[in-house]
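next come a sequence and a model predicted from it.
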Amino acid sequence: MKEYKTLSRREHSHGPVSIDFYASQSGIRQWNGCYKVFAAVFVLILCLILDTPLVSGFIILTMGILNVTGNRVELVNYMKLLKIPVIFLVMGSVAIAAGFAAEPAGDFSISLHWFYIYLTKKGLIRALQLFLKAMAAVSAMYVMTLSTPAGELAFVLQKARLPGVLTELMYILYRFIFILTEVHRNMKTAASSRLGHVDFKTSCATFGKIGGNLLILSMKKANTYYDAMVSRGYAGEFSLWEEEKPVKAWQVLALACYSSVLVCLRLAEGL
Amino acid sequence: MREELIRAQHLTYRYQTGHAALEDVSLSVGRGEKIAVMGANGAGKSTFFLNLNGVLNAQEGDIFFRGKRIGKRDYKELCRHVGVVFQDADNQMIASTVEAEVAFGPVNLKLPQEEIKKRLEQALTYMDLQSFRKRPPHYLSGGEKKRVSIADIIAMKPEIILFDEPAAALDPVSAKMLERVLSELSKEGKTLLISTHDVDFAYRWAQRIVVFHQGKILADGETLKIFSQERLLEQAHLKKPEMLKIYEVLLERGLVRAGSYPRQADELADCMEGIANNERNI
């Protein structure tokens, strides 16, 4: 794992690369892929059905702990990963909580000369509930994303009888993204070293040229790739190989316990 | 003469542009041979390899495997017996983990699950990759990728392995690892063809050298014979190996046994030993 650590320094941008990176070093990588996807979706559904702030808060907390300890994502980086959905959700919640009116209304209102923006307590609570629910759903999905590399996900989908074309495409695209980003990075560095990004105008021209080159290169690469596949016996049917990772009894038990805790929380609140 | 394993007969391969990458190429390869395929860039080495492997179909000529003519329809059969290790490992790797990558070939061979598993373990152990098995290929170094690309082919257990410029872009440690693997493979009776620009490596390793020049075979023969033809080397843009030059200088001064032709530095010392002692005795 030490080598992974040094790699993480180098690729610290938070794009798909880093999510993939976390997935490949996750502590629960070895769990059965189908189980992980099922568990995450199951928690997500429970979160939507039970729909109370207490349950949502509990899910956010526990999934957060699982992501930091199980998936080995540092807390700071996990917060950064959460930032994007949080921004979206905050904006969405504000739209739900606030309303416009011609004259003062609701529990709080602000005059904006021509009209009023107002908030009602009920609306506020509703927005908060929704925010928590969505965050809980996102956390549950992050557990899946941060522990299952896209290749394994394609395998799960293949098992779920999704059409082969889709899973193959997903699998090959996934691998190609890394090849193309690397080629792109190299071209960009090479262009920079020849003053390709010296000012805005040059940068724009360089950007276009790199884009065009990337297209030609990706076509060429796709050809050699195909040759390489044929040379290893590819005959139009892409079969994936995954090691059998049996679901352990304690994992099923843990999921059962966790969901009963969620249900109990809901019932306790209802009393 | 060794038992013939594969033979190309009058192969001519043209690209869509009409440019002939191979022109009337005939070559017979025996079991267990160690052949270096040399020639300038664009001389047709890689195209020839892809033809032997069945990926490309020559418009004219035939390929015989174990004396049986491979018809146009059975070309794909060739990749069961002939494996290619591509020059750029990145162009070869498809899967998202090392183990899935190595298993890709065996899965395509439609082997039973246990056999796939067995071959996977063997290939990973052979190339010392057990600790990398869960890693995605894009988090590997260049030398590690090369090892994976070789394991890919070993797992398919072909009789013939073609290496397309395997030492390009490898650091000295990885290059040494590669040579070790090559000698192990030929000890196991595999037939190896390696395309390379490195004359010193070819002199050290190969028994036979095939020289390509503008899509044709310019020369084909024993390593020593090829490297002693100055005119041929010049025409094919090749150099004389350093070790051979050193040997010739030493021979001129009478410091090395005639006809010993050392291939490596430690062999050279052996070839010089007797002579040096004799001189002292005189």
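Here it is on my side, so go on. Residues are numbered from 1 along each chain as shown, chains lettered A, B, ... in the order given.

what about the strands in the chain?
Went with chain A since none was named. Under the criterion DSSP state E, chain A contains strands at A:98-101, A:108-111, A:116-119.

actually chain B
Using DSSP E, strands in chain B cover B:4-14, B:20-30, B:34-38, B:60-65, B:68-70, B:82-85, B:160-164, B:191-195, B:208-213, B:216-222.

sorry, back to before: so for chain B, which of the strands of chain A sits nearest?
strand A:98-101 (45.0 Å; C-beta to the nearest C-beta). C-beta here means a position set from N, CA and C on the backbone, and glycine is covered the same way.

just the pLDDT for residue 234.
No chain in the question, so chain A it is. pLDDT, residue A:234: 85.

actually it's chain B I care about, not the one you picked
Note on residue B:234: pLDDT of 90.

how close does the closest residue to residue A:218 other than its chain neighbours get to residue A:135?
Leaving aside its sequence neighbours, residue A:218 sits nearest to residue A:180 (C-beta to C-beta, 6 or more residues apart in numbering or on different chains; 5.9 Å). Per C-beta to C-beta, to the nearest Å, residue A:180 is found 33 Å from residue A:135.

those two: which is more packed in?
residue A:135 (21 against 15; other C-beta atoms under 10 Å in any protein chain shown).

identify the residues contacting that one.
A:56, A:60, A:82, A:85-86, A:89 (C-beta atoms under 8 Å, 6 or more residues apart in numbering or on different chains).

ok, those residues vs chain B, which is closest?
Of all those, residue A:82 has the smallest distance to chain B: 24.2 Å, by C-beta to the nearest C-beta.

out of the strands of chain A, which is the most enclosed?
Of all these, strand A:116-119 carries the top mean neighbour count, a mean of 18, counting by mean count of other C-beta atoms under 10 Å in any protein chain shown.

now that one - C-alpha only, PDB.
Extracted in PDB, the C-alpha atoms of strand A:116-119 (Å, rounded to 0.1, in the frame of the first residue of the first chain):
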ATOM      1  CA  TYR A 116     -40.500  39.700  -1.200                       C
ATOM      2  CA  ILE A 117     -38.500  36.500  -0.700                       C
ATOM      3  CA  TYR A 118     -40.100  34.600   2.200                       C
ATOM      4  CA  LEU A 119     -39.500  31.500   4.200                       C
END
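
strand partners (parallel or antiparallel) of that strand?
Paired neighbours of strand A:116-119 in the sheet (DSSP bridges): strand A:98-101 (antiparallel), strand A:108-111 (antiparallel).

re the thing from before, among the strands of chain A, which comes closest to residue A:45?
Nearest to residue A:45 among the strands of chain A is strand A:98-101 (29.9 Å), distances taken as C-beta to C-beta.

can I get the strands paired with strand A:116-119 in a markdown table with mean pLDDT and distance to residue A:266?
Shown next, in a markdown table, are the strands paired with strand A:116-119 (pLDDT from 0 to 100; distance: least, C-beta to C-beta, whole Å):
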| stretch | mean pLDDT | distance to residue A:266 |
| --- | --- | --- |
| strand A:98-101 | 84 | 29 |
| strand A:108-111 | 82 | 31 |
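
any chance of these in JSON lines, plus distance to residue A:190?
Below are the strands paired with strand A:116-119 laid out as JSON lines (distance: least, C-beta to C-beta, whole Å):
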{"stretch": "strand A:98-101", "distance to residue A:190": "50"}
{"stretch": "strand A:108-111", "distance to residue A:190": "54"}
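
would you mind splitting chain B into its domains for me?
Chain B breaks down into these domains under automatic domain parsing: B:4-239, B:241-282.

can you tell me which of those is most buried?
Scoring the domains of chain B by mean count of other C-beta under 10 Å, the most buried comes out as domain B:4-239, with a mean of 19.

first-to-last residue distance for that domain?
Start to finish, the residues bounding domain B:4-239 are 30 Å apart (C-alpha to C-alpha, to the nearest Å).

residue B:181 and residue B:150, how far apart?
Residue B:181 is 6 Å from residue B:150, by C-beta to C-beta.

report the set of residues contacting both of the two.
Joint contacts of residue B:181 and residue B:150 (C-beta under 8 Å, 6+ apart) are residue B:127.

CA atoms of stretch A:107-115 as CSV?
Coordinates of each C-alpha in stretch A:107-115 appear next as CSV, following Å, rounded to 0.1, in the frame of the first residue of the first chain:
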residue,chain,number,x,y,z
ASP,A,107,-42.5,33.4,8.9
PHE,A,108,-39.5,35.3,7.6
SER,A,109,-39.4,37.7,4.6
ILE,A,110,-37.0,40.0,3.0
SER,A,111,-38.1,43.0,0.9
LEU,A,112,-36.3,43.3,-2.5
HIS,A,113,-38.2,46.5,-3.4
TRP,A,114,-40.3,45.0,-6.2
PHE,A,115,-41.1,41.7,-4.4
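
hang on, the earlier thing: can you turn the buried part of the contacts of residue A:135 into a ChimeraX selection?
To isolate the buried members of the contacts of residue A:135 in ChimeraX, using 16 or more other C-beta atoms under 10 Å in any protein chain shown:
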select /A:56,60,82,85,89
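
could you pull up phi and psi at residue B:237?
The phi and psi values for residue B:237, taken as degrees, to the nearest 10, are phi 60, psi 40.
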